[in-house]
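Trainee: Provided below are the primary sequence and the corresponding predicted coordinates.
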Amino acid sequence: MARNKQNIGGLEAKRRRRTWIVVASALVVVVGVAAGVIVTLKPWTEEFRHGGLTIAAQPSPVKPLPQVAPAPATAPAPGAKGLAAALAPVVGNPDLGVFAGSVSDAGSGNVLWTADPDKPMIPASTAKVLTTAAALLALPPDHRVTTQVVAGTAPGEIVLVGGGDPTLTAQPDGKGYYTNGARLSDLVTQLKNSGHRADSIAVDTSAFTGSSMAQGWDPADIAGGSIAPIDSVMIDGGRQSALKDYSPRSATPGLDAGRQLATELGIDPGKVHLGTAPTGAAKLASVQSAPLRDRLRDMMVDSDDVLAEAIGREIALATGSEASFTGAVNAMATTLRAAGFDTTGLALHDASGLSVDDTIPPRLLDRIVTVAALPNNGGGQSNSSGVSAAGTADDPLATLLDYLPVAGATGTLSDRYTGQDRVGAGWVRAKTGTLDVASALVGYVLDHDGRVLTFALMSNQRLPEQSRPALDAIATTLRNCGCS
């Protein structure tokens, strides 16, 4: 990736040099012409003041007229045969490697097309669709996580107690990587106003239990910027460069948060250590995360792995499980089963999809998006396929659709559908998933007839440079489809 950026920078430099050459040449021509022709302009004329240019009339103002509207209820239902015929040329692409998928009609909830829909596939970050669905089902949308500082046991000791929020920021303007993240400066102000003198800091990360790294994770991804060890308190997700997506992460994010707090308070960072808050300790300061709805949007649009793991533990705690990798994935599966989803074939080791040992069948991913998109399905009644009808106006699952990146416009789809498959730009909304061994796309699209189609498209055993364009071509085919 760095090599590509350097190459791009070199091209930009070449363009700039070429531009100056052209400009310099133009100046020579102008001077040569000026040397041969003498033009006298009077200083009070419009020609003199504007170099002989004609001034155009001011254009009339333009008013934006947004035309966002729901999919028409009268749109014809797509047919399975027509859809299969349209998809046949693109789903056979060898660049897909081992491929499985499912496409459904969101208007009826009917499955229209499948390819090995029950096959357990490595989902990569499309696993976050499950995390989001479980969070929306188990937690209120305004749920927040608290980080606090309490008095320690030793004289002059304070304890930074992590409650599970990785979005705390130390940016001077309070605007960190995450939307409306809690601010370290607020903790500092409260501590100074408390009058409590401190000369050492303990960091309590005991809210999370078990390993801080999941099965199937590569430790190289810490320096690579995808993940940090999952501590219950972090600053900007453990990023060393707070505002960069793939900044190298800290290997000790909890301790680093304590050290940053120490620096802000004028305490020696060498006097920061891991510890546990005493029972009943006096609370000296506290801050809260942004509401769950904001954090879910950040997690999905930017595919943030650290935030996904923290939200997975929120689900675990809300359902009475331990706040660990195992507790989180068990709580997610239990919550989805309770909502009527068939989780056969589901095997998760994390909430982010970073583990290469995760597997999800495309049938389940497609079904979650379909149920979220079902119109007026009776609020808790079973639909024709027997799945509990989440996705009504009052149901939280419908919100999942708003968190999906837009093709060619936002998040992890912002640089896709901009060259090839531009027909899908603005119409495809989907969660991406990318690992060296897997690529996936899960979301929905409005087809040519105005019908909403949901899809889960999963490729394994191909590099993303090959598989992602092939997946985009399938989604674009769905957009083009007039398959009624």
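Mentor: Good, I have the coordinates. This is a predicted model, so every value here is computed, not measured. Residues are numbered from 1 along each chain as shown.

Trainee: Am I right that P166 sits in a strand?
Mentor: Yes - read with DSSP: H, G, I helix; E, B strand; the rest coil, P166 is one of the residues of a strand.

Trainee: List the contacts of it.
Mentor: With C-beta atoms under 8 Å, 6 or more residues apart in numbering as the criterion, the residues that contact P166 are 228, 231, 233-234, 236-238, 253, 306-307, 310. The C-beta positions use only the backbone N, C-alpha and C, and glycine is treated the same way.

Trainee: let's go with 6 Å and repeat that
Mentor: Shown here is P166, whose contacts under the criterion C-beta atoms under 6 Å, 6 or more residues apart in numbering are 234, 237, 306, 310.

Trainee: One more: D199?
Mentor: Counting by C-beta under 6 Å, 6+ apart, D199 touches G156.

Trainee: How about V428?
Mentor: Going by C-beta under 6 Å, 6+ apart, V428 touches 407, 445, 475.

Trainee: Just give the number of residues close to the first one.
Mentor: The criterion is other C-beta atoms under 10 Å. On that basis, A407 has 28 neighbouring residues.

Trainee: Could you number the chain from 619 rather than 1 from now on?
Mentor: Yep, numbering from 619; the last one is A1025 now.

Trainee: can you map out the helices along the stretch 619-768 of the chain?
Mentor: Along the stretch 619-768 of the chain, the segments classed as helices by DSSP state H, counting those that start in this stretch run 620-654, 664-667, 698-709, 745-756.

Trainee: so what does the last one touch, helix or strand wise?
Mentor: Okay, so that is helix 745-756. Secondary-structure packing of helix 745-756 (3 or more C-beta pairs under 6 Å, 6 or more residues apart in numbering; DSSP states H and E): helix 923-936, helix 943-956, helix 980-991.

Trainee: as a whole number, average confidence for that helix?
Mentor: Mean per-residue pLDDT for helix 745-756: 98.

Trainee: can you give me the angle it makes with helix 980-991?
Mentor: Counting by axes from the mean of the first three to the mean of the last three C-alpha atoms, to 10 degrees, helix 745-756 lies at 50 degrees to helix 980-991.

Trainee: Can you name the residues in contact with helix 745-756?
Mentor: Counting by C-beta under 6 Å, 6+ apart, residues outside helix 745-756 touching it are 914, 918, 926, 929-930, 933, 936-937, 950, 953-954, 957, 969, 971, 976, 983, 986, 1014-1015, 1017-1018, 1049, 1060.

Trainee: what residues are up against the residue nearest to D734 when sequence neighbours are not counted?
Mentor: Leaving aside its chain neighbours, D734 sits nearest to A718 (4.0 Å; criterion: C-beta to C-beta, 6 or more residues apart in numbering). Applying C-beta under 6 Å, 6+ apart, one finds that A718 lies in contact with 733-734, 737, 739, 980, 1076.

Trainee: redo that, cut-off 8 Å
Mentor: Neighbour list for A718: 733-735, 737, 739, 979-980, 1076 [criterion: C-beta under 8 Å, 6+ apart].

Trainee: Go through those and flag which are in strands.
Mentor: With DSSP state E as the criterion, strands contain 733, 1076 from among the contacts of A718.

Trainee: between the contacts of A718, which is closest to C1099?
Mentor: Distance to C1099, by C-beta to C-beta, is smallest for A733 among those, at 16.0 Å.

Trainee: Got the confidence number for that closest one?
Mentor: 98.

Trainee: where's it relative to G719, distance?
Mentor: Look at A733 and G719: by C-beta to C-beta, to the nearest Å, they are 5 Å apart.

Trainee: With neighbour numbers in mind, choose between those two.
Mentor: Relative neighbour count places G719 above the other of A733 and G719, with 28 against 17, counting by other C-beta under 10 Å.

Trainee: Can you check what pLDDT the model gives the more buried one?
Mentor: 98.

Trainee: if I pick it, what's in contact with it?
Mentor: With C-beta under 8 Å, 6+ apart, G719 has these contacts: 709, 731-735, 980, 984, 1073-1076, 1092.

Trainee: For it, name its beta-bridge partners.
Mentor: Under DSSP bridges, the beta-bridge partners of G719 are A733, L1075.

Trainee: Now that G1100 has come up, it's in contact with R1069, right?
Mentor: No - under the criterion of C-beta atoms under 8 Å, G1100 lies out of contact with R1069, with a separation of 9.4 Å.

Trainee: So those two - more neighbours on which side?
Mentor: The neighbour count for G1100 versus R1069, taken as other C-beta under 10 Å, is higher for R1069 (22 against 13).
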